[in-house]
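Colleague: Here's a sequence, model it:
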Amino acid sequence: MASPLQGGIAKTIGKALAGVMLPITLNRVSGGQYDPGTGGVTPGVTKTFKAKGLVEDWGAYYLANQLVAAGDRRVSIMATTLKTTPAPGDTVTSDGQTWNVIAVQSDPAKAVWVLQVR
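Modeller: Okay, the predicted model is just below:
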């Protein structure tokens, strides 16, 4: 059963913050395989998803309690702008920098995806 917070609240939050968010690209690679003949890996297919969000540092609380590693970044993505569910192993690109997704969380309304990246 879906949460009663989903839907309307996520759309309202998405509309309210759309103008202040920055372009973010989520990249997902699938299909790469080990090639025993060459000893390498065949390239997979990269699928990109455009979204809007923010990239920021984690607060002192997260670092002091070792909830994230030094250098990790926090990427908040407006769920209404992303056509997939982010997952560990994806990469995120914003402002010319690319990070690997380590962990993914969402708020109860499913309005914002919060990614731990490094």
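
Colleague: Ramachandran coordinates for residue 81?
Modeller: phi -100, psi 0 (degrees, to the nearest 10).

Colleague: and it, how many neighbours?
Modeller: Around residue 81 there are 18 other residues, counting by other CB atoms under 10 Å. The way it works is simple: take the backbone N, C-alpha and C, and place the C-beta from them, glycine included.

Colleague: what does the model give it for pLDDT?
Modeller: What the model reports as pLDDT for residue 81 is 91.

Colleague: How about residue 18?
Modeller: pLDDT, residue 18: 66.

Colleague: can you start the count at 735 instead of 1 from here on
Modeller: OK, 735 is where the count begins now, so the last one is residue 752.

Colleague: From the centre of this structure, point out the most distant residue.
Modeller: Centroid-distance maximum for the chain: residue 771 at 35.0 Å, with CA atoms, centre = their mean.

Colleague: show me where the protein has strands.
Modeller: 756-764, 767-769, 774-776, 779-791, 807-812, 825-828, 831-840, 846-851 (DSSP state E).

Colleague: As a markdown table, these with mean neighbour count would be great.
Modeller: As requested, the strands of the chain are exported to a markdown table (neighbours: other CB atoms under 10 Å):
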| stretch | mean neighbour count |
| --- | --- |
| strand 756-764 | 15 |
| strand 767-769 | 10 |
| strand 774-776 | 10 |
| strand 779-791 | 15 |
| strand 807-812 | 20 |
| strand 825-828 | 18 |
| strand 831-840 | 15 |
| strand 846-851 | 21 |
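
Colleague: so can I have JSON lines of these showing mean pLDDT and distance to residue 743?
Modeller: Output for the strands of the chain, formatted as JSON lines (pLDDT from 0 to 100; distance: least, CB to CB, whole Å):
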{"stretch": "strand 756-764", "mean pLDDT": "94", "distance to residue 743": "21"}
{"stretch": "strand 767-769", "mean pLDDT": "84", "distance to residue 743": "42"}
{"stretch": "strand 774-776", "mean pLDDT": "82", "distance to residue 743": "42"}
{"stretch": "strand 779-791", "mean pLDDT": "95", "distance to residue 743": "17"}
{"stretch": "strand 807-812", "mean pLDDT": "95", "distance to residue 743": "12"}
{"stretch": "strand 825-828", "mean pLDDT": "97", "distance to residue 743": "24"}
{"stretch": "strand 831-840", "mean pLDDT": "97", "distance to residue 743": "12"}
{"stretch": "strand 846-851", "mean pLDDT": "96", "distance to residue 743": "11"}
